[in-house]
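Peer 1: Next input, structure requested:
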Amino acid sequence: MARFRAHVYITLKPTVNDPQGLTIQGALKQLGYEGVKSVRAGKYFVLELEALSSQEAEKSVEEMCRRLLANPVIEEFRFRIEGS
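Peer 2: Sure thing, here's the model as predicted:
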């Protein structure tokens, strides 16, 4: 078994309203950051896992995202695997 680290990024789909992002954008404008035109909030996870290969690690992480970490109806995910 080899050790891997997965960096998982989950964001709302572009067509989904993002009230948290709008709130952050408003706060940034109040702080004087007028150049910020859009904010999209998301989630970031770092997973450490053991697998026989990087392909197996990718398959496991994708399954975790689809089953638990992301809501496929309103969210998109991407990830990258480190390790060997």
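Peer 1: so where's the chain shaky on pLDDT?
Peer 2: Applying pLDDT under 70 to the chain flags residues 84.
Peer 1: quick one: the strands in it?
Peer 2: For the chain, strands defined by DSSP state E occupy the ranges 2-12, 42-51, 75-83.
Peer 1: List the buried residues in the second one.
Peer 2: So that's strand 42-51. 45, 47, 49, 51 (16 or more other C-beta atoms under 10 Å). Glycine gets a C-beta too; all of them are placed from N, C-alpha and C.
Peer 1: Let me have the strands of the chain in CSV, extended by distance to residue 64.
Peer 2: Below are the strands of the chain laid out as CSV (distance: least, C-beta to C-beta, whole Å):
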stretch, distance to residue 64
strand 2-12, 8
strand 42-51, 7
strand 75-83, 9
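Peer 1: Tell me which of the ones you listed sits nearest to residue 32.
Peer 2: Closest of the strands of the chain to residue 32 is strand 42-51, at 24.3 Å (criterion: C-beta to C-beta).
Peer 1: Run me through the strand neighbours of the closest one, direction for each.
Peer 2: When pairs are called by DSSP bridges, strand 42-51 turns out to pair with strand 2-12 (antiparallel).
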